[in-house]
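> Got a sequence here, can you build the structure:
(one chain, ligands or ions: 1)
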Amino acid sequence: MPTGTFDTRGTIGLITIDSPPVNALGLGVRQAILHGLAAAEAEASVAAIVLLCAGRTFFAGADITEFGKPPMRPDLLDVIARIEGATKPVIAAIHGTALGGGLETALACDYRIASPTARVGLPEVALGLLPGAGGTQRLPRIVGAAAALEIITGGKPIAAPRALALGIVDRLSAPDDLTDAAIAFAREIVADGAVRRRVRDREDKVAADRGNPALFDDFRARNPGLFRGVRAPTNIVAAIEAAVALPFDEGMAREAALFEELLHSRESEAQRYAFFAERDTAKVPGLPADTPVAPIASVGVIGAGTMGGGIAMNFLNVGLPVTLVETRQDALDRGVATIRRNYEASARKGKLDAAEVERRMALLTGTLALSDLAGCDLVIEAVFESMDLKKTIFAELDAIAKRSAILASNTSFLDLDAIAAVTERPERVVGLHFFSPANVMRLLEVVRGARTAPDVVATAMRLAKRIGKLPVLSGVCEGFIANRAMGVRMAQADALALEGASPQQIDRVLVDYGFPMGAFQMLDLIGLDVIGRDSTERTLMGDLVAQGRLGQKQNGGFYDYDAQRRPTPSPVADEVIAALAAAKGIVRRSFTDQELRERLLYAVVNEGARILDEGIALRASDIDMALIAGYGWPVHTGGPMFWADTVGLPTIVATLEALAQRHGDTFVPSPLLVRLAESGGMLHRAVAASSTPVLEGA
Ligand code: 3H9
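Modelled structure (predicted):
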């Protein structure tokens, strides 16, 4: 049960809400605030009220678990109206993160004071929503419509000093002194006559914006990508337009209608699912939260190429020393120089200061001697994908590394168990599969081998969080979760191009679905030589490379590119595709967009279901998160597993069966899909059976 306490410090009443973990504004918290206000008003000696939270944060927003259920009064708007109507001034004292409904509650107070490390924001857009408790009406009254548009459509939290500069908070406390500073602030307000200061009454900013209707059209024109495939940003802009155009209460009514529309949208349902799915990935059955983890104070990385360098940066970023090993001095120098260049580029963009660049570089030691890894707590091998090479390295490393060290491989498709088997410590071998660019992409697949010890898995999951990654646990199979599931999409894109669909049509269908780019655009960006080189069979990529077409970097690939790297359809690529189709005896035809969507995306759904059925993933939602974080699968669809349920599993199974007749194995529906379609079950709620590789490590 959330607790709310009320006590007094002289003339100041203190309402303290304590509802772990994040003081979400669920029913109990809302009631506790109202009780506190009633007590403060009833106490004659109290002249002003401070509202604050115990624990790690101020209110982190509305309770997301209540959305989609019948509303319960008092709702947040009732609470906010009650704060604004209080008979005494209310001061919000903010620490941690005041987000969404949390910030909206603070904006209903007369004054706001924040600790210097606090952050405030309206992140509802990430849940497919808009701030529905007055945020779209009050924030523009403080910062103006232009800044409100950026803040609310961006959803990113704002650090306290900037919030102060913008006027969102009135004052910062000294570090660790928030409560006393809030009480002192309240006393000053009382001494100055306890003046009420409601944001709703401020007119100057919105009145100034009223003369500038182009502001909204400009914003829409400047940010076309923001609105693609999703509804929330459109409604946010409309709500802020209402703040400017309408009196406060009418603006609030407009906000409520726009919020309600989003609350019942598929997009918001999907994004709320993704919010909890993201937090679930770190929960591993059989590994309680108190599983002991090994301390990791130093990291070794073998291989200073693009992958190894990116991996090293993750640890340098959080202050962990890294020893980077290469076989040749020139390769090592190049790798170290690339890391420095990346940091300097961030510094130029203002994301780092020069001293921080040097601090991070000082944590990096380059060496040609594997023996320099002897003291590392964790060593990650990131050399190219050759089983023989990896076995040689792991055998040597096993002899060098201290007994407690964890040995990790960044392999993206090789058998981790075969690598672990060359060591005397297979229980301390784990896969850490980073996605490229490794310093940027959030997904980290933690691969549990047949003998990986539970504490090693727990350590890897914890470490992933420490370096800001989203860890998803995977069992051992070729490609693990994300590459295996998306590999079938690539295979279908290739097959469809040979069967007559143009790369442009295939890419457009994917972009229309919500991917940031199409399959062929992605290949051109990465480089066709990088991906295609191992194939023995004649492939589209191989034939393009044979013509000297390596992608954006050289002569174009599936597309031609101008000097600004803008793509246009390529007659040469079309000829290469047609010639290979003829050589393979493929009869070409045209396709509808719907046919392409089914071939490209139902294939992924089916592969995902197989991955779960085989016990390679723990839960369907882990697969969704892996593809959202690793491949840009549009989060507003919820990921392939969630999306499949919105399409309907019987439809998917029937389509797969028809496709399997003509296109073989890829489309033979997984037994899990068939079972769920027959029983009316939901794929996105499915979990791995209790005895599976990913749970038991066997
Ligand atoms: C809103 O406010 C709408 C209003 O405008 C209009 C209303 C009319 N509700 O993330 P963590 C749980 S929309 C319910 O791991 P951290 C979370 O699931 C809301 N539960 O911690 C997890 O549970 P578990 C706008 C919530 O320290 C636990 O708390 N606000 C909520 O890494 C710990 O969370 C947001 O979108 C919630 N609002 O990060 C902010 N928030 O332990 C959402 C968290 O069982 N929250 N939980 O897995 C966050 O961004 C982060 O939780 C926060 C802390 C930064 C606060």
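> ok, and the closest non-adjacent residue to the residue nearest the centre of the chain?
With distances taken as CA atoms, centre = their mean, Ala629 lies nearest the centre of the chain, 5.8 Å away. Ranked by CB to CB, 6 or more residues apart in numbering and with sequence neighbours excluded, the top spatial neighbour of Ala629 is Leu443, at 4.0 Å. C-beta here means a position set from N, CA and C on the backbone, and glycine is covered the same way.
> With Gln31 instead?
Among residues not flanking Gln31 along the chain, Pro74 sits closest, at 6.7 Å (CB to CB, 6+ apart).
> doesn't the one you found fall inside a helix?
No. Judged by DSSP: H, G, I helix; E, B strand; the rest coil, Pro74 forms no part of a helix; its state is coil.
> Tell me who's in contact with it.
Leu27, Arg30, Gln31, Leu34, Arg82 (CB atoms under 8 Å, 6 or more residues apart in numbering).
> how far away is it from the ligand?
Here Pro74 is placed at a distance of 12 Å from the ligand (CB to the nearest ligand atom, to the nearest Å).
> Most proximal residue of the stretch 201-350 of the chain with respect to the ligand?
Closest contact between the stretch 201-350 of the chain and the ligand, by CB to the nearest ligand atom, is at Arg279 (3.8 Å).
> Confirm that that residue lies within a strand, as I assumed.
No. Assigned with three-state DSSP, Arg279 falls outside any strand and is helix.
> Model confidence for it, exactly?
For Arg279, the model assigns a pLDDT of 96.
> What is the nearest of the contacts of Pro74 to Leu107?
Checking the contacts of Pro74 against Leu107 with CB to CB, the nearest one is Arg82 at 14.3 Å.
> buried residues in stretch 275-290?
The neighbour-count check on stretch 275-290 (16 or more other CB atoms under 10 Å) flags Phe275, Ala277, Glu278, Thr281, Ala282, Val284, Leu287 as buried.
> so how far is Ser474 from the nearest residue to the second one once chain neighbours are set aside?
With sequence-adjacent residues excluded and distances taken as CB to CB, 6+ apart, Ala277 is closest to Ser621, at 3.7 Å. Using CB to CB, to the nearest Å, one gets 14 Å for the distance from Ser621 to Ser474.
> try Arg334
Using CB to CB, one gets 31 Å for the distance from Arg334 to Ser474.
> Show me which of the two is the more surrounded one.
More crowded of Arg334 and Ser474, by other CB atoms under 10 Å: Ser474, with 27 against 15.
> What's opposite that one in the beta bridge?
Beta bridges link Ser474 to Val447, Ala617 when assigned by DSSP bridges.
> picking up where we left off before, isn't the residue nearest to Ala277 up against Arg279?
No. Counting by CB atoms under 8 Å, no contact exists between Ser621 and Arg279, whose distance comes to 10.0 Å.
> so who does Val476 touch?
Asp415, Leu416, Asp417, Gly431, Val447, Arg448, Gly449, Ala450, Ile616, Pro693.
> The same query, at a cut-off of 6 Å, please.
Leu416, Asp417, Gly449 (CB atoms under 6 Å, 6 or more residues apart in numbering).
> what comes up buried for the helix or strand hosting Glu150?
Secondary-structure assignment from DSSP states H and E places Glu150 in helix 145-154. Buried residues in helix 145-154, counted by 16+ other CB under 10 Å: Ala145, Ala146, Ala147, Ala148, Leu149, Ile151, Ile152, Thr153, Gly154.
> got a markdown table for these, with pLDDT and distance to the ligand too?
Converted to a markdown table, the buried residues of helix 145-154 look like this (pLDDT from 0 to 100; distance: CB to the nearest ligand atom, whole Å):
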| residue | pLDDT | distance to the ligand |
| --- | --- | --- |
| Ala145 | 98 | 18 |
| Ala146 | 97 | 21 |
| Ala147 | 98 | 18 |
| Ala148 | 98 | 14 |
| Leu149 | 98 | 17 |
| Ile151 | 98 | 13 |
| Ile152 | 98 | 10 |
| Thr153 | 98 | 14 |
| Gly154 | 97 | 13 |
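> and the two most separated of those?
That would be Ala145 and Gly154, which, of the buried residues of helix 145-154, are the farthest apart (CB to CB) at 14.3 Å.
> Ile380 against Val301, yeah?
Yes. Shown here, Ile380 and Val301 form a contact pair, counting by CB atoms under 6 Å, at 5.2 Å.
> Give me the more crowded residue out of the two.
More crowded of Ile380 and Val301, by other CB under 10 Å: Val301, with 30 against 27.
> quick one on the thing from earlier: wait, the residue nearest to Ala629 touches Gly630, no?
Yes. The pair Leu443 and Gly630 qualifies as a contact (CB under 6 Å) at a distance of 3.6 Å.
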